[in-house]
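[1] build me a model from this:
(chains A and B)
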Amino acid sequence: MSGKVSRRRLLTTGIGALVGVGGVRLATTLLDRHGLIPANCRGVYGLSETLTYAGQRLLTRLPSMAREFDRSQISTVIPVNGPAPKTDAYRQLLAGGFADWRLKIDGMVDRPRSFSLAELKALPSRHQITHQACEEGWSFIAEWTGVPLADVLRHVGIRREAKFAFFFTIDEWWDSIDMDDAFHPQTLLAYAMNGPDMPIDHGAPLRLKVPRQLGYKNLKYLNRITITDSAQGIGDGLGSGSPSAGYSWYAGI
Amino acid sequence: MSEISTAPASTATGSTAHPLFVRVTHWTSAGAFAILLLSGIAILLAHPRLYWGETGAVGGPSLIDLPLPFVLDIPIRGPGRYLHFLAAWICVLTGVAYVVAGIVSGHFAQRFVPRRGELTARAVGDVVRGHFQPAYVRGTLPGNYNVLQRLTYSVVVFALLPLMICSGLAMSPAVTSVVPVVVTVFGGQQSARTIHFFVACALTLFVLLHIVLVWQSGFTPQMRAMILGRARRSGSPIETEAA
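    A predicted model of the protein is given here:
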């Protein structure tokens, strides 16, 4: 009798495990097909990271525009987080008014090329007064001027299989965003903040503005964009330098 | 009061003080709350300053400077953030299951809504005074809630926890890009952060008082009731009608 019971238990456990594994497989395939799996989907926090990312990406399929503010709401106190690059190369670029600086765009694009600052400024620009919050807790409102990243990406022609836009900086930091944020109208390659130029401490000559994510995704001192279909093979494969330090790849929080 | 019979426990040998769904969600959310509190402190310590309105930063005016150090060098915030969102998901999913089960089973209607005549000033006053008398507290039975418990649990479940979720979501720029009202209702992103802090304090105070009262009313029977569902061992000579 006990042999029968244990066999039945073995069978049900086996079927249960198969259904479980199959369910996870199916869920993963479905989530992946709809672009709902974040770059850092593995590990202990993979489940909650995926729930947050998938939940917010489903939500942001509705009309989704970061709040914009009145000029009177621009903050008087704007903290500087992280110093400007201290390299000679950066000092030379700065001394030359960034005339020798280039933004290189490569990867899964039809026409890889470089843009000078003047070329970027010649493209149609967008102004926006948005809120930026640091994950530490402080925040500020500023006016940003730049060229929508979407326009630049259309210029170089993004291949269908592209999933991530990776950004690299003069001070050798890196991060990435998905195509949803890359093509969002408020995602800017910003060359000015609260005035005609980008202050050195805030990322001159060019910084990324992703107002639907926290401050740490808004990389300063950009010099290269690479379009990929995977987060693997770049750094530790988590899509950004941030996740290994405990900061989520997706920072829409 | 009639019992919600979920298990054969409510027979002659013992009555169900707490239904199974209450026991499971109680301990799940208790664990998640502990993690949320600790990780929340780890996040707060990066910037223990509170503001009102949309923005705030060092160098500008604050609402409150908490008497806590700025901890930026010790790497507690990164893991704290991951843990906070993991525990938040556990708490929210558990909470949704609890509220659905509570409505469907009639748990809230029977145990949360004050009974007839309980809401008069005199009746409430008696119960409040009772909480300062050890004998009264010792006489309370698991699952048999007095009016103060009914009101407190209702406020925690239907006001403080939803407020905690909303003020948390108000800090998400992606969520507010679709539902801006979730942040404007608080008066700004920093106001939402400040409210998130104070509601967390209120919930912590609730948990501390809850533990003190559980202790005073009889730790073992209360724990037994919240783990096994029954206040007394089945078949024990003194059978207590718990619910």
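[2] switch to C-alpha atoms for all contacts and neighbour counts from now on
    Noted.
[3] which residue is nearest the middle of chain B?
    Most central in chain B under C-alpha atoms, centre = their mean is residue B:156, positioned 5.1 Å from the mean C-alpha point.
[4] ok, it touching residue B:204?
    No: counting by C-alpha atoms under 8 Å, residue B:156 does not reach residue B:204; the two are 10.9 Å apart.
[5] relative to residue A:247, how far out is the residue of chain B found nearest chain A?
    Closest to chain A within chain B is residue B:78: 3.7 Å, counting by C-alpha to the nearest C-alpha. Distance check for residue B:78 against residue A:247: by C-alpha to C-alpha, to the nearest Å, it reads 5 Å.
[6] so where's the chain shaky on pLDDT?
    Since no chain was named, I'll use chain A. Residues of chain A meeting the criterion pLDDT under 70: A:1-5.
[7] let's do chain B instead
    For chain B, the stretches with pLDDT under 70 are B:1-15, B:232-243.
[8] give me every residue in it lying close to chain A.
    Applying C-alpha under 8 Å from any C-alpha of the partner chain, we find that chain B lies next to chain A at B:43-44, B:46-47, B:54-60, B:77-83, B:85-86, B:89, B:171-178, B:180, B:190.
[9] strands of the stretch 101-250 of chain A, start to end?
    Using DSSP state E, counting those that start in this stretch, the strands of the stretch 101-250 of chain A run over A:102-107, A:113-116, A:126-133, A:139-148, A:164-169, A:174-178, A:188-193, A:207-209, A:222-228.
[10] and the stretch 1-150 of chain A, which of its residues are near chain B?
    So far as C-alpha under 8 Å from any C-alpha goes, the stretch 1-150 of chain A lies against chain B at A:45, A:47-49, A:51, A:56, A:59-60, A:62-67, A:75, A:77-79, A:131, A:136-141.
[11] of the residues you listed, buried ones?
    A:45, A:47-49, A:51, A:56, A:59-60, A:64-67, A:75, A:77-79, A:131, A:136-141 (16 or more other C-alpha atoms under 10 Å in any protein chain shown).
[12] longest helix anywhere in chain B?
    With secondary structure taken from DSSP state H, chain B has its longest helix at helix B:189-228.
[13] what packs against that one?
    helix B:20-44, strand B:49-50, helix B:134-138, helix B:161-169 (3 or more C-alpha pairs under 8 Å, 6 or more residues apart in numbering or on different chains; DSSP states H and E).
[14] how about a cut-off of 7 Å?
    Contact partners of helix B:189-228 among helices and strands, from 3 or more C-alpha pairs under 7 Å, 6 or more residues apart in numbering or on different chains; DSSP states H and E: helix B:134-138, helix B:161-169.
[15] pull out the buried residues from it.
    B:189-197, B:199-200, B:203, B:213-218, B:221-228.
[16] now stretch A:178-186
    Quick answer for stretch A:178-186 (16+ other C-alpha under 10 Å): A:178-179, A:181-186.
[17] residues in contact with that stretch?
    Residues outside stretch A:178-186 that contact it (C-alpha atoms under 7 Å, 6 or more residues apart in numbering or on different chains): A:148-150, A:163-165, A:187, A:211.
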